[in-house]
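Trainee: compute the structure for the input listed below.
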Amino acid sequence: MKITAVKTYVLSHPLPRGVGPSTAYYHSRSTLIIKIETDAGLSGWGETTTFTGVQALIDQHYAPMLIGQDPIAHRKLWRNLWGPNFGNGMALGGVDMALDDLRGKALKLPVAELYGGRLRERVMVYASAMNYIEGENPAEQYPREAEALLAQGFGAMKMRIGGQPLRQDLAAMTAVRRVVGDDIKLMADGNGAYTLGSAIQMGREMEKLGFYWFEEPLPQSVPEYAGYEVLTDKLDIAIAACEGLTTRGMFKEAIARRAMDIVQPDVSLAGGIGECLFVAEMARLWGIQCMPHCWGGGLLIAATVHLLSLLPDASWARRTEPPMLEYDFVESPFRDELLSVKLDLRDGYITVPTGHGLGVEIDEERLAYYAK
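Mentor: Numbering: from 1, shown residues only. So this is what the prediction gives:
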């Protein structure tokens, strides 16, 4: 079997109202879809970011290197793609996802089985919701959203903070805790909105409310994540970070500094499932959990579910802290409409797909509709 074509599609969708984290309101969603075709009639699908240069790197450099190659030769292809292009984890993340999907279809195996076999059949999901919305008061909006998510069976939820004064954010957070009770895991993402002093102040308030983790409160300043080791030292609440890192070397430096208590590699940004597994195992040597970052369409969610099925629990205890899937609730047709074979989400869990490859399929008519 030989690769005959590598195609990319930029998808875009306008949002009815501005929505976002502490730093900005977004008025559209976009993603980059990759399709790898073969002379055997099989195709593999991947997804990554639309950041500047990613599509051009795939089209102009990766495609000529892949065409004519055997997609089964995974380690050879990954090494060849990584080296000459100075390790662009974002471009390679989406391409590697498509190669995994293709390899699984060719070998008639789910992606999880390509990496040694799943450890669980279902993955716990946390609702990544409660974003700032133009014209909405978070103190009213957030608890309303949390109540609806609770009714859908979610046992863990994340909200955005840092976009308004601390006392106002704290009022919204307190209202959410009051609505969901003490047994629901709550997390908050600061998206780089805080100074070191204000992050410590907010972290201590979150500890009183029983929040599970405080995500990326300081500016990420990739690749340094400067100051994060101070937060992990001074705060009892777990600090989650490093979604923006794109190479194993970057992760190694941040992990060795203990810049986080929970590391968040992204399959589409950090070189693919194999690299995220490497990061997760490396982090375990320092006693650091892995909770992958995931913000995209159905393909990225499917790939992250396979990754999560491979990650062990945090300890050997009968009751432990399982790795969880981030499932965002900002309007997205790339999550809700692009897959003709969809993921099974119910009662706060997603079943790990058992079909060949990623176990999902793209609706190519919908793809064409949203493609620029």
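Trainee: so where do the strands sit in the stretch 201-350 of the chain?
Mentor: 213-215, 238-241, 262-263, 289-290, 324-328, 339-341, 345-346, 349-351 (DSSP state E, counting those that start in this stretch).
Trainee: weakest of these in terms of mean pLDDT?
Mentor: The minimum mean pLDDT among the strands of the stretch 201-350 of the chain belongs to strand 339-341 (a mean of 90).
Trainee: ok, back up a step: tabulate the strands of the stretch 201-350 of the chain in a markdown table, adding columns for distance to residue 154 and mean neighbour count.
Mentor: Backbone N, C-alpha and C define where each C-beta goes, glycine included. Shown next, in a markdown table, are those (distance: least, Cβ to Cβ, whole Å; neighbours: other Cβ atoms under 10 Å):
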| stretch | distance to residue 154 | mean neighbour count |
| --- | --- | --- |
| strand 213-215 | 16 | 24 |
| strand 238-241 | 18 | 24 |
| strand 262-263 | 19 | 25 |
| strand 289-290 | 20 | 22 |
| strand 324-328 | 9 | 22 |
| strand 339-341 | 21 | 16 |
| strand 345-346 | 10 | 14 |
| strand 349-351 | 10 | 18 |
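Trainee: quick one: closest of those strands to residue 95.
Mentor: With Cβ to Cβ as the criterion, residue 95 lies closest to strand 339-341 of the strands of the stretch 201-350 of the chain, at 19.5 Å.
Trainee: the strands of the stretch 201-350 of the chain: which one's closest to residue 225?
Mentor: For those, proximity to residue 225 was assessed by Cβ to Cβ; strand 238-241 is nearest, at 6.0 Å.
Trainee: direction included, what does the closest one pair up with?
Mentor: Here strand 238-241 is paired, per DSSP bridges, with strand 213-215 (parallel), strand 262-263 (parallel).
Trainee: the ones you listed: which one's closest to residue 329?
Mentor: strand 213-215 (16.1 Å).
Trainee: and the closest one, how far out from the chain middle?
Mentor: Averaging C-alpha positions (Cα atoms, centre = their mean, to the nearest Å) puts strand 213-215 15 Å from its chain's average.
Trainee: before we move on, what about stretch 247-264?
Mentor: Centroid separation for stretch 247-264 versus its chain: 16 Å, with Cα atoms, centre = their mean.
Trainee: show me what counts as buried in that stretch.
Mentor: The neighbour-count check on stretch 247-264 (16 or more other Cβ atoms under 10 Å) flags 247-248, 250-251, 254-255, 258-264 as buried.
Trainee: span of that stretch from start to end?
Mentor: Start-to-end span of stretch 247-264 (Cα to Cα, to the nearest Å) is 12 Å.
Trainee: what lies in contact with it?
Mentor: 87, 89, 213, 215, 222-223, 225, 228-229, 232-233, 238-243, 245, 265, 270-271, 275, 278-280, 282-283, 286, 288-293 (Cβ atoms under 8 Å, 6 or more residues apart in numbering).
Trainee: can I get the buried ones among those residues as something I can paste into PyMOL?
Mentor: This is how PyMOL selects the buried members of these, with burial counted by 16+ other Cβ under 10 Å:
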select buried, resi 87+89+213+215+223+225+228+229+232+238+239+240+241+242+243+245+265+270+271+275+278+279+280+282+283+288+289+290+291+292+293
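Trainee: quick one: which of the contacts of stretch 247-264 sit in helices?
Mentor: 89, 228-229, 232-233, 275, 278-280, 282-283 (DSSP state H).
Trainee: looking at these, which is nearest residue 371?
Mentor: Comparing the ones in helices among the contacts of stretch 247-264 against residue 371 with Cβ to Cβ picks out residue 89 as the nearest, at 24.0 Å.
Trainee: now do the nearest residue to the closest one once chain neighbours are set aside, the pLDDT please.
Mentor: Distance criterion Cβ to Cβ, 6 or more residues apart in numbering; nearest residue to residue 89, sequence neighbours excluded, is residue 246 at 3.2 Å. The score at residue 246 is 94. That number is its pLDDT.
Trainee: before we move on, what about residue 84?
Mentor: We have a pLDDT of 68 for residue 84.
Trainee: domain parsing for this structure?
Mentor: 3-108+364-370, 114-361 (automatic domain parsing).
Trainee: ok so residue 6 is a helix residue?
Mentor: No - secondary structure of residue 6 (DSSP: H, G, I helix; E, B strand; the rest coil): strand, not part of a helix.
Trainee: TSV for the ones in helices among the contacts of stretch 247-264, including pLDDT and distance to residue 115?
Mentor: Listed next are the ones in helices among the contacts of stretch 247-264 as TSV, based on pLDDT from 0 to 100; distance: Cβ to Cβ, whole Å:
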residue	pLDDT	distance to residue 115
89	94	18
228	97	29
229	97	31
232	98	29
233	97	34
275	96	11
278	97	11
279	98	14
280	98	11
282	97	16
283	97	17
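Trainee: which of the residues you listed lies closest to residue 354?
Mentor: Among the ones in helices among the contacts of stretch 247-264, and counting by Cβ to Cβ, the member closest to residue 354 is residue 280, at 22.4 Å.
Trainee: I'd say that closest one and residue 273 touch.
Mentor: No - with contact defined as Cβ atoms under 8 Å, residue 280 does not count as touching residue 273 (10.3 Å).
Trainee: any idea how far the closest residue in space to residue 178 that isn't next to it in sequence lies from residue 195?
Mentor: Distances taken as Cβ to Cβ, 6+ apart place residue 143 nearest to residue 178, at 7.2 Å, with adjacent residues excluded. Using Cβ to Cβ, to the nearest Å, residue 143 is found at 28 Å from residue 195.
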